[in-house]
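Colleague: A predicted structure for the sequence below; I have some questions about it.
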Amino acid sequence: MEGQMVDTIRSLKFDGKNFLAYKEGLKAALRARKCWKILIGEETKPEKDGTPATK
């Protein structure tokens, strides 16, 4: 599965025309990467009060 995963952050390219679309795409890719790390167990889900979760 790891070999099939595409790093969307590295594949995003800014063409100089639409900065807002690039910025929104980058934020979405970063959120997806964070969720993926939680799903595969590399990171733990943060607590509801915003403090980092303990391992």
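Modeller: Here it is on my side, so go on.
Colleague: residue boundaries of the strands in the protein?
Modeller: With DSSP state E, there are no strands along the chain.
Colleague: which residues sit in contact with Ala21?
Modeller: Counting by Cβ atoms under 8 Å, 6 or more residues apart in numbering, Ala21 touches no other residue. Glycine gets a C-beta too; all of them are placed from N, C-alpha and C.
Colleague: From Lys27, how far out is it?
Modeller: Ala21 sits 11 Å away from Lys27, going by Cβ to Cβ, to the nearest Å.
Colleague: Equivalent analysis for Gly41, please.
Modeller: 24 Å.
Colleague: doesn't Thr44 make contact with Lys34?
Modeller: No - Lys34 lies out of contact with Thr44 (Cβ atoms under 8 Å); the separation is 11.4 Å.
Colleague: still on that earlier bit, neighbour count for Gly41 and Lys27, which is higher?
Modeller: Just comparing Gly41 and Lys27: by other Cβ atoms under 10 Å the higher neighbour count belongs to Lys27, 10 against 7.
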